[in-house]
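Chemist: got a predicted structure here, sequence first:
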Amino acid sequence: MKHLSPRLLLLAAPGLLATSALANYSPSDWQQYQLNGEASRQLGDRLTEVTYELSARDAGAPYQQLRVYRRFDWRDANLAALAEQLCGEPQLKIEQGWQIRYLSCEEVVPAGKAVPASSYDFGYGMKQGRWEPLAGTPTAPRQDRLPLAERVILGHSEQELDRCELNAEGRCAEQAWQYQPQNWQQLKVLEEAPNERDGRLEQIFFRLQPIAGSQAARQVSELHVWRQYTWLLEQAKTQQECDEPQTRQEGDKTISYRVCRQTLPAGSEVQVVLKDTGYQYPVGGSEWQTLPETTEWQESRVLNRPIVLASKEEQLDCRRADGRACSEPDLPGTELLDAEATKIVQDASGQPAPVWQENYGHDDTKLLAVSRGIQSLLAANQPAHPAMKLLLEYVRAHNYHNYGKHKEDGPAAAEALAEALTALGAHPLLFPEQASDEVGAVMGAWSIALHGQFKSPAVQSRFGTLLGEFNQMLAYSTRHASEINGQHAWATGLFDLLNFLDFASDYSDPFANDFRQQDGELRKQLHALGMSELALWKGRDGADLFLLNNVLDAYTRLYRVARYTRPDELDGYRKLLDDSVIALVRHHDLIPGGQQSQDLLEDMSLTLSTYYLTYTDRTSEACISGDFAGLCTPVRVEDVLPFEHTCSPTLRLRAQDLTMDQAEGICRELGAEEQQFHQQMETGWQPVADDHNEALELVVFNSSADWKRYGSALFGGVSTDNGGIYLEGDPARPGNQARFFAYEAEWKRPAFQVWNLRHEYVHYLDGRFNQYGSFGHYPLNRTTWWSEGLAEFVAHGQCFARGLDNVAGRPANDRPALADILHLDYDKGGEMVYSWSYTVHRFLNETGRGASWLAMARALRGPDQQQAMSAFEAELDQLIANDSEAYQQWLGRELLPWWEANKDSDECKANDSSH
């Protein structure tokens with residue numbers, strides 16, 4: 001008897017739905033039983049019988065026990081397709097004056113390999129203590145798979161490695177050796193790293209070494225080879241299958257749909273084109289050499305799993321929980337508004353909101369309608385009405401689009417808006433006894449609406465009043481600290497509210513008198529807010545210093561204003577700010593050795609040493625002497641990031657703590673991605689003009705917490721509110737250091753992964769080989785989709801799990817238009833910036849529009865900005881005009897059904913978008 005593991009047996013015993021107790025036996029009955037044991041025996045050549053002992057899970061099962069005999073017939077199985085070749089060490093023999101070096105090999109199907117077979121069941125069931133034959137057995141034969149209990153040897157062979165004719169002394173004459181992709185007889189594999197994408201092998205990295213004594217060993221000491229696989233799936237025969245209508249829930253919506261798929265079934269034979277590239281290190285050499293150019297070749301492969309080439313979903317119906325069609329918008333009450341304002345509220349709802357569309361028409365008429373709407377709500381004593389935030393959302397979109405076009409509002413519209421915003425900030429019911437989430441949201445939206453209006457004479461003439469209202473909002477937040485602490489709406493609202501000073505400080509000259517007159521009250525309210533319990537914000541993971549850090553940021557903005565309003569009093573003014581900051585730190589016991597957690601103490605020290613001191617014209621060395629001595633600690637790069645490693649002349653690593661194996665793994669992964677990038681983008685490895693970013697520095701922190709704790713401190717205030725970031729600098733400046741920051745995904749341990757590693761490296765490659773100039777050289781509301789979508793597309797291919805889940809979760813009637821994606825900016829949120837941008841790159845590559853994709857890349861490489869953008873935007877305009885509808889159809893009929901069919905595959909489940 002040979003025992004098979006339960007894991008392997010389950011391959012041959014699929015669990016189906018249970019049948020009635022009165023029905024004939026079926027393998028589907030196993031759902032009512034648990035497997036207690038099994039054994040196998042050979043009945044003949046490729047005839048195997050497996051015995052299963054099962055017991056009932058509960059009293060409702062037809063039998064107390066089952067003994068099932070399953071006979072597998074695998075005589076027709078094509079074992080050759082499953083075989084592996086195992087070879088011994090090289091041997092020598094001499095035949096007819098030739099010395100021949102060869103390998104002795106076996107063709108083996110290893111134990112545990114699941115082979116195709118037909119099977120049927122028969123057996124017995126115990127009922128009331130007696131065994132009786134199972135009705136309906138033996139069952140009809142069915143297609144199955146059997147895990148082999150022992151290996152099967154199919155045959156033996158010899159492989160000649162090389163031969164040489166012996167001379168008179170019985171020695172081989174010297175012969176030249178050159179790498180050949182299909183002739184590795186003189187090479188042995190030291191390392192093999194396959195890379196699969198979407199269920200298909202895409203690339204294998206090989207580290208090779210010549211076999212000792214071979215001709216190859218006389219010429220090279222080591223080779224690095226990347227073997228690329230291109231699958232010619234369109235040449236294969238597909239099958240179409242359609243599901244029965246189904247329903248699914250998306251929030252409160254019930255969607256009826258059906259899916260049809262074009263598939264290549266398992267067992268299909270397809271052609272694969274292979275190509276080798278790489279490097280070799282010559283014996284006695286001092287540097288790596290490129291491998292000689294090799295030719296492509298084709299091989300036949302048999303698919304071991306079905307592949308979905310295309311899918312389409314037909315939505316039959318969509319209903320909300322109350323029975324209304326999903327297409328009907330979910331809106332706040334608008335009975336207080338006129339028709340124009342109501343339409344704007346509707347258009348500001350949903351994701352994406354139409355008011356953010358490029359062609360929405362952001363004009364004076366709409367701005368006047370918004371101002372009337374605000375005044376109508378205020379007249380009805382409803383400043384925190386849900387429609388108020390949507391009216392302010394339009395103002396935000398209006399400011400954004402008109403700023404990009406350098407368009408000014410007409411005097412009447414600007415005056416009406418300034419009057420409405422001023423009236424909103426002064427309305428007594430915006431400061432109710434109970435601090436609701438709606439109040440926090442409106443205060444933040446009020447601040448953001450004003451950001452884009454500070455240049456307006458109508459707002460500038462009222463700035464003193466608006467600044468007073470800002471002070472009232474700070475005071476209100478302080479009074480209601482215990483109510484709002486930890487509330488998400490207020491976290492966003494307070495952050496946006498405090499940004500009022502950030503943007504207003506850009507207008508220090510026109511606002512100078514107002515700032516000077518209200519400076520004392522401003523500092524008083526900021527200090528009171530910082531002294532409140534909000535300074536230790538109740539975050540999801542415990543106390544958080546986000547609000548206190550923003551108060552310190554507001555102090556740096558006041559210092560910036562003081563440079564213009566009181567340059568002769570700057571040192572004394574800074575002393576006033578310092579005294580307040582020191583009092584805040586001491587009040588909350590955030591000094592070294594204080595009672596707060598170590599993380600909070602370190603965060604406070606870093607904020608002081610690297611942000612507050614920096615933006616008030618000092619360095620972190622001020623932590624050593626003076627008023628801040630003992631309140632913070634200087635932070636130095638060499639102390640936090642001691643590990644250094646050079647991957648190549650163009651890539652250096654700096655890290656908190658990496659092993660050499662981890663560092664070399666990073667080097668190999670990025671080397672393979674670099675090859676892929678140049679192949680896809682057809683760069684010819686040629687950098688754009690004036691780019692001196694020849695050596696990239698990759699900085700790896702130990703965790704996301706370490707990135708947030710040290711990143712900004714060590715590298716000049718870099719934003720750490722992200723999953724890593726690439727900073728290109730000024731590539732035209734000799735000596736510029738391009739750098740990207742990443743961190744280890746600590747939640748993956750003990751597995752080692754660097755989060756967003758592949759994504760950020762694409763940014764470097766895109767900046768060096770595609771986009772001329774530094775970040776922001778081209779308008780971000782034209783190139784954000786390109787940069788971020790390309791990084792996700794190259795890094796993740798088809799299985800971009802996080803992004804595709806986001807796209808699939810968006811109802812069809814809320815999907816963004818193609819024009820909205822191509823014109824988005826970073827303030828549109830992560831889903832739009834990353835997930836939807838990714839879909840456009842995939843759409844272009846999977847629907848025969850690759851020429852347009854490459855044309856955009858070529859346009860961005862041009863040094864003439866106007867000419868480059870003209871060519872780039874011409875491609876965008878043509879795409880929007882000709883393919884907007886095709887893009888939406890592709891989303892609904894191909895991309896999303898493909899994702900539904902493939903998201904649970906091993907390849908896609910393994911890709912959690914961590915790279």
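Modeler: Cool, got the structure. Keep in mind it's a predicted model, so treat the numbers as computed, not measured.

Chemist: so where do the strands sit in the stretch 701-850 of the chain?
Modeler: Using DSSP state E, counting those that start in this stretch, the strands found in the stretch 701-850 of the chain span residues 725-727, 738-744, 754-755.

Chemist: what's next to the shortest one, contact-wise?
Modeler: When contacts are defined by C-beta atoms under 8 Å, 6 or more residues apart in numbering, strand 754-755 is touched by residues 666, 700, 704, 723-724, 742-745, 914-915. In short, each C-beta sits where N, CA and C put it, glycine included.

Chemist: swap in 7 Å and give it another go.
Modeler: 666, 700, 723-724, 742-745, 914 (C-beta atoms under 7 Å, 6 or more residues apart in numbering).

Chemist: likewise for the longest one?
Modeler: The set of residues external to strand 738-744 that reach it, using C-beta under 7 Å, 6+ apart, is 693, 696-704, 706-707, 711, 718, 724-729, 752-757, 760, 763-764.

Chemist: show me where pLDDT drops low in the stretch 51-200 of the chain?
Modeler: For the stretch 51-200 of the chain, applying pLDDT under 70 flags the ranges 173-175, 198-199.

Chemist: please, where are all the strands along it?
Modeler: Under DSSP E, counting those that start in this stretch, the stretch 51-200 of the chain gives strands at 65-73, 84-87, 91-95, 98-109, 114-127, 130-133, 142-147, 152-165, 187-197, 200-210.

Chemist: may I have the fifth one as CSV, with CA atoms only?
Modeler: Spelled out, it's strand 114-127. Taking Å, rounded to 0.1, in the frame of the first residue of the first chain, the C-alpha atoms of strand 114-127 are listed here in CSV:
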residue,chain,number,x,y,z
ALA,A,114,-1.0,15.3,-11.5
VAL,A,115,-1.6,13.3,-14.7
PRO,A,116,-4.8,13.3,-16.8
ALA,A,117,-6.9,10.2,-16.2
SER,A,118,-10.4,8.9,-16.5
SER,A,119,-11.9,7.6,-13.2
TYR,A,120,-15.0,6.0,-11.8
ASP,A,121,-16.2,5.2,-8.3
PHE,A,122,-17.8,2.2,-6.6
GLY,A,123,-18.1,1.3,-2.9
TYR,A,124,-20.1,0.7,0.2
GLY,A,125,-22.0,2.8,2.8
MET,A,126,-22.8,1.9,6.4
LYS,A,127,-26.3,2.5,7.5
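
Chemist: so it versus strand 142-147, what angle?
Modeler: 110 degrees (axes from the mean of the first three to the mean of the last three C-alpha atoms, to 10 degrees).

Chemist: which strands border strand 114-127, and is each parallel or antiparallel?
Modeler: Using DSSP bridges, the strands paired with strand 114-127 in its sheet are strand 65-73 (antiparallel), strand 130-133 (antiparallel), strand 142-147 (antiparallel).

Chemist: do the last one as well
Modeler: Its sheet considered, strand 200-210 pairs with strand 187-197 (antiparallel), strand 220-232 (antiparallel) by DSSP bridges.

Chemist: name the nearest residue to A423, sequence neighbours excluded.
Modeler: L378 (5.6 Å; C-beta to C-beta, 6 or more residues apart in numbering).

Chemist: enumerate every residue touching the one you found.
Modeler: 423-424, 427.

Chemist: then P282?
Modeler: Listed by C-beta under 7 Å, 6+ apart, the contact set of P282 reads 219-220, 289.

Chemist: look up which residues are beta-bridged to it.
Modeler: Per DSSP bridges, the residues bridged to P282 are V220.

Chemist: reformat the strands of the stretch 701-850 of the chain as CSV; add mean pLDDT, distance to M604 and mean neighbour count.
Modeler: Below are the strands of the stretch 701-850 of the chain laid out as CSV (pLDDT from 0 to 100; distance: least, C-beta to C-beta, whole Å; neighbours: other C-beta atoms under 10 Å):
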stretch, mean pLDDT, distance to M604, mean neighbour count
strand 725-727, 80, 23, 21
strand 738-744, 88, 21, 23
strand 754-755, 88, 26, 24
